[in-house]
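Enquirer: what follows is a predicted structure for the sequence shown.
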Amino acid sequence: MRHQKIANPDHGEWLAAFDQVRIINLRSRTDRRNETMREFTRYDWPIPDSRVSFFDAMAPQEAAGFPSAGVRGCFLSHLGVLREAWRAGCGSVLVLEDDIAFTRDMDRQASMAVRSLQEQDWDIAYFGHDYGNQPGDLSWIPVLEPRPLAHCYAVNGRALPALVAFLEQVLQRPPGHPDGGPMHFDGALSTFVKRTPGVRAFRCSRNLVYQRPSRTDLHAVSVLDRYSWLAPVAQLYRAIKRLYWRRVR
């Protein structure tokens, strides 16, 4: 991608910087799927299309050493996306989870981000993270102590073989293994970056993609989601929270 040119990076064409754009979504979570589609249509970005598509998330019944069955399913789903991209010979893949929300002025900022990324020699790029926004012009900052989340990140095709192999090794190790056993996927990705010589990971100086408030599938749900009669309260609370974050981010 370093020398790949984007014909028109405005109006959602930042997505054209990647060979594949995959959105991980459980079939049962039509609420998240619909909300994600609304995020795209806010910017008139077609979804799905030949480049952007949903990936059916895996839902195992057993934790098999992971913190929960949901955490295992998340890990396997990310691995599935990356394995498919590697086998397809993709030059790059952008991976999103189904609870993403784009920052304001996303068209312009995403265009700036991919133009800047083109100038970097990169392997993994985090468009969404928990570092907050840095002052000054938009840029890409090397990740020295990995801790970003994994709701929106890109992988250069050249890094896919090593990353897929590492994740498959994680599956074979027992919990707590010093080289990395079953864990949350974002932790596994961070471990790969930290332990693999030569891997160049960057985070955008601005958090362009954050996570919407929604019911979790990874662990025990909150009180608001535990009882069906509280569902309207939970929906209202999250709707208000989403509107607030949309105004300030």
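Expert: Received, thanks.

Enquirer: show me the contacts for the nearest residue to residue 62 once chain neighbours are set aside.
Expert: Sequence neighbours aside, residue 69 is the residue nearest to residue 62 in space, at 6.0 Å (criterion: Cβ to Cβ, 6 or more residues apart in numbering). Every residue, glycine included, has its C-beta placed from N, CA and C. For residue 69, the contact set (Cβ atoms under 8 Å, 6 or more residues apart in numbering) comprises 59, 60, 61, 62, 63.

Enquirer: quick one: the last one and residue 72 touch, right?
Expert: Just to be clear, that refers to residue 63. Yes - look at residue 63 against residue 72 with Cβ atoms under 8 Å: they come within range, at 5.7 Å.

Enquirer: quick one: end-to-end distance for stretch 125-145.
Expert: Across stretch 125-145, the terminal residues are separated by 14 Å (Cα to Cα, to the nearest Å).

Enquirer: put the buried members of the contacts of residue 69 into a ChimeraX selection.
Expert: Restricted to buried positions by 16 or more other Cβ atoms under 10 Å, the ChimeraX selection for the contacts of residue 69 reads:
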select :59
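
Enquirer: what about the contacts of residue 69, which are in strands?
Expert: Residues of those located in strands (DSSP state E): none.

Enquirer: quick one: the contacts of residue 69 as JSON lines, columns for pLDDT and distance to residue 182 too.
Expert: Below are the contacts of residue 69 laid out as JSON lines (pLDDT from 0 to 100; distance: Cβ to Cβ, whole Å):
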{"residue": "59", "pLDDT": "95", "distance to residue 182": "16"}
{"residue": "60", "pLDDT": "96", "distance to residue 182": "12"}
{"residue": "61", "pLDDT": "95", "distance to residue 182": "15"}
{"residue": "62", "pLDDT": "97", "distance to residue 182": "11"}
{"residue": "63", "pLDDT": "97", "distance to residue 182": "8"}
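
Enquirer: return the member of the contacts of residue 69 nearest to residue 87.
Expert: residue 60 (21.6 Å; Cβ to Cβ).

Enquirer: how about that closest one, phi and psi?
Expert: phi -70, psi 160 (degrees, to the nearest 10).

Enquirer: OK, contacts around it?
Expert: Residue 60 neighbours (Cβ under 8 Å, 6+ apart): 69, 72, 73, 76.

Enquirer: any idea how far it lies from residue 203?
Expert: 30 Å (Cβ to Cβ, to the nearest Å).

Enquirer: for residue 134, same thing?
Expert: According to Cβ to Cβ, residue 134 stands 9 Å off from residue 203.

Enquirer: domains for this protein, by residue range?
Expert: Per the record, the chain has its domains at 13-214, 219-249, by automatic domain parsing.
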